[in-house]
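Participant: With the input below, show me the fold.
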Amino acid sequence: MATISVDVDIYLDDFDDDELIEELEARDYNVSKEKQPNAEDIDKYEVEYLLDLVDKAEKRCYNYYTLREKLNHLRWG
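Facilitator: Here you go, the predicted structure:
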């Protein structure tokens, strides 16, 4: 059986949002028009709260340390 590869340029500006959403959902992707929060959307008080929750966790595993390191990076830069 032969295989043929083709490169095609597609400009997303040629499609409206609803067409793109319909296509992605047909491929079993979950599409939401809501803005997803970024790390920059978390203020210092929320980071402090999350750090407090992490510190109260009983398990001290790899995830604990990596999560705590990321939160400290958010807090101190």
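Participant: neighbours around residue 20, how many?
Facilitator: Applying other C-beta atoms under 10 Å, we find 12 residues neighbouring residue 20. In short, each C-beta sits where N, CA and C put it, glycine included.
Participant: ditto for residue 32
Facilitator: Number of residues near residue 32 (other C-beta under 10 Å) recorded here: 7.
Participant: where's it relative to residue 42, distance?
Facilitator: Separation of residue 32 from residue 42 (C-beta to C-beta, to the nearest Å) stands at 19 Å.
Participant: ditto for residue 17
Facilitator: Per C-beta to C-beta, residue 17 is found 28 Å from residue 42.
Participant: What of residue 6?
Facilitator: From residue 6 over to residue 42 the distance is 44 Å, taken as C-beta to C-beta.
Participant: which of those two has more neighbours?
Facilitator: Counted by other C-beta under 10 Å, residue 6 and residue 42 do not tie: residue 42 has more neighbours, with 15 against 4.
Participant: Grab the nearest non-local neighbour of that one.
Facilitator: Distances taken as C-beta to C-beta, 6 or more residues apart in numbering place residue 74 nearest to residue 42, at 6.5 Å, with adjacent residues excluded.
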